[in-house]
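Peer 1: dropping a prediction and its sequence here:
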Amino acid sequence: MAEIWSGTLWPVLVIVFYILLIAVPLMLAMAYLTYAERKIIGGMQLRQGPMTVGPYGLLQPLADGAKLFFKETVIPTGSNKIVFVLAPMVTFVLALIGWAVIPFGYGLVLADINVGVLYLFAISSLGVYGIIMAGWASNSRYAFLGALRSSAQMVSYEIAIGLIIINVLITAGSLNLSEIVLAQSGLWYAIPHFPMFMIFIVSILAETNRHPFDLPEDEATLVTGYNVEYSSMTFALFFLGEYMNMILMSAIAVILFLGGWLPPFAIFPFTLIPGPIWFILKICLVLFVFIWARATLPRYRYDQLMRLGWKVFLPLSLAWVVLTSGFLVYFDMLPR
């Protein structure tokens, strides 16, 4: 205890406290995102959704978590057991550490680094490794095919996402996420870069393997794909990772295009609401698009998915980079 109060361990404890302050609410948000998804899709399909566990089914996510926690973990005989167990951990950890650079408000960020965008892009690129490890280690044709689909899909759409982000970086003149948000104080980038904003929303659906681009988890042909051999907490970690990736990608979309924690209008009632509340409300809006797409759109064929990424999104995003750069140079508007 003397060492703690003397100052040697105090900074470490402060950092751990900040990490828990982000991670614990994030885990709760992930759990109740599953509840919100089931209720919203139920409403769109004229049914009630979860209603049994707790009032209005509010305790359903906790019941699901407890069920998965106490179930037996089954490891296939022919699998590579170490890689099989590591794969969901990699997916979960990568989905969590991306939040280190996300600014929730002015100065409210765990690590305010000047290359926050590159950090996020690196973390999102590494996410495919957990899925590939799961598909290979499961020793199952369905899991392996799902992993191959996922790797090709994520690589294809990461290129378009990278070019879209370059447009924002050129306009803002910074790789720091907080500075990108502050650069939108007069005008959110979703307005001048509206085509790129729409492509970005579609691309993050593909990046997170969400409907209508959930080909790696295609129940009709792959029986949930890369996680078909997983059960109990190992499956729950994949589930956690997928939904936390959804929230992370929604936060990135809000920061890059929707002004982050900034209110929509500089009018008195709007400015009274704290910045982090605006940030959370905008994330919820993007998450609603994720759920809306799942409830309404049919699944793409794999060739349609690849064609959309390589022949439509890639040329459009590349052309927009040239257009944005030319516009800023011509009108001498490049940030200095």
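Peer 2: The structure has been received and is ready for your questions. Residues are numbered from 1 along each chain as shown.
Peer 1: need the helices for the protein, in chain order.
Peer 2: With helices called from DSSP state H, the chain shows them at 2-6, 10-44, 60-70, 81-97, 116-137, 141-172, 177-182, 194-207, 219-222, 232-257, 268-271, 275-296, 302-307, 314-330.
Peer 1: which among the ones you listed is found nearest to residue 105?
Peer 2: Smallest distance to residue 105 across the helices of the chain (CB to CB): 3.8 Å, for helix 275-296. For glycine as for every other residue, the C-beta is placed from the backbone atoms N, C-alpha and C.
Peer 1: need the CA coordinates for the closest one. CSV is fine.
Peer 2: What follows is helix 275-296, C-alpha atoms only, in CSV (Å, rounded to 0.1, in the frame of the first residue of the first chain):
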residue,chain,number,x,y,z
GLY,A,275,-21.0,16.4,-26.0
PRO,A,276,-20.7,12.7,-25.0
ILE,A,277,-24.5,12.5,-25.1
TRP,A,278,-24.6,13.7,-28.7
PHE,A,279,-21.8,11.2,-29.5
ILE,A,280,-23.8,8.3,-28.1
LEU,A,281,-27.0,9.4,-29.8
LYS,A,282,-25.3,9.6,-33.2
ILE,A,283,-23.8,6.1,-32.6
CYS,A,284,-27.2,4.8,-31.9
LEU,A,285,-28.5,6.3,-35.2
VAL,A,286,-25.8,4.5,-37.2
LEU,A,287,-26.5,1.3,-35.3
PHE,A,288,-30.1,1.6,-36.2
VAL,A,289,-29.0,1.5,-39.9
PHE,A,290,-27.2,-1.8,-39.1
ILE,A,291,-30.4,-3.3,-37.7
TRP,A,292,-32.6,-1.8,-40.4
ALA,A,293,-30.5,-3.3,-43.1
ARG,A,294,-30.7,-6.8,-41.5
ALA,A,295,-34.5,-6.5,-41.2
THR,A,296,-35.2,-5.4,-44.8
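Peer 1: in it, what counts as buried?
Peer 2: By neighbour count on 16 or more other CB atoms under 10 Å, the buried set for helix 275-296 is 275, 278, 279, 280, 282, 283, 286, 287, 290, 291, 293, 294.
Peer 1: contacts for stretch 306-323, please.
Peer 2: Residues external to stretch 306-323 that are found in contact with it (CB atoms under 8 Å, 6 or more residues apart in numbering): 152-153, 156-157, 159-160, 163-164, 166-167, 170, 193, 195-196, 199, 202-203, 206, 300.
Peer 1: redo that, cut-off 10 Å
Peer 2: Contacts of stretch 306-323 from elsewhere in the structure, counted by CB atoms under 10 Å, 6 or more residues apart in numbering, are 149, 152-167, 169-170, 193, 195-196, 199-200, 202-203, 206, 213, 215, 300-301.
Peer 1: now it, how far from the centre of its chain.
Peer 2: Stretch 306-323 has its average C-alpha position 22 Å from the chain's average C-alpha position, going by CA atoms, centre = their mean, to the nearest Å.
Peer 1: how's the protein carved up into domains?
Peer 2: By the record's domain assignment, the chain is partitioned as 1-70, 77-330 (automatic domain parsing).
Peer 1: of the helices of the chain, which shows the lowest average pLDDT?
Peer 2: Set side by side, the helices of the chain give their lowest mean pLDDT on helix 2-6, at a mean of 52.
Peer 1: returning to that earlier point: give me the buried entries from the contacts of stretch 306-323.
Peer 2: Once neighbours are counted (16+ other CB under 10 Å), the buried part of the contacts of stretch 306-323 comes down to 149, 152-154, 156-161, 163-167, 169-170, 193, 196, 199-200, 202-203, 206, 213, 215, 300.
Peer 1: and stretch 20-37, how far out from the chain middle?
Peer 2: Stretch 20-37 has its average C-alpha position 13 Å from the chain's average C-alpha position, going by CA atoms, centre = their mean.
Peer 1: how about stretch 68-86: buried residues?
Peer 2: 68, 75, 76, 79, 80, 84, 85.
Peer 1: could you identify the most distant pair in the residues you listed?
Peer 2: Taking CB to CB, the two most distant members of the buried residues of stretch 68-86 are 68 and 80; they sit 22.7 Å apart.
Peer 1: contacting residues around residue 22?
Peer 2: 96, 99, 100, 102, 104, 108, 109, 110.
Peer 1: put together CSV for the residues you listed, with distance to residue 314 on each row.
Peer 2: Below are the contacts of residue 22 laid out as CSV (distance: CB to CB, whole Å):
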residue, distance to residue 314
96, 30
99, 29
100, 29
102, 27
104, 32
108, 35
109, 32
110, 33
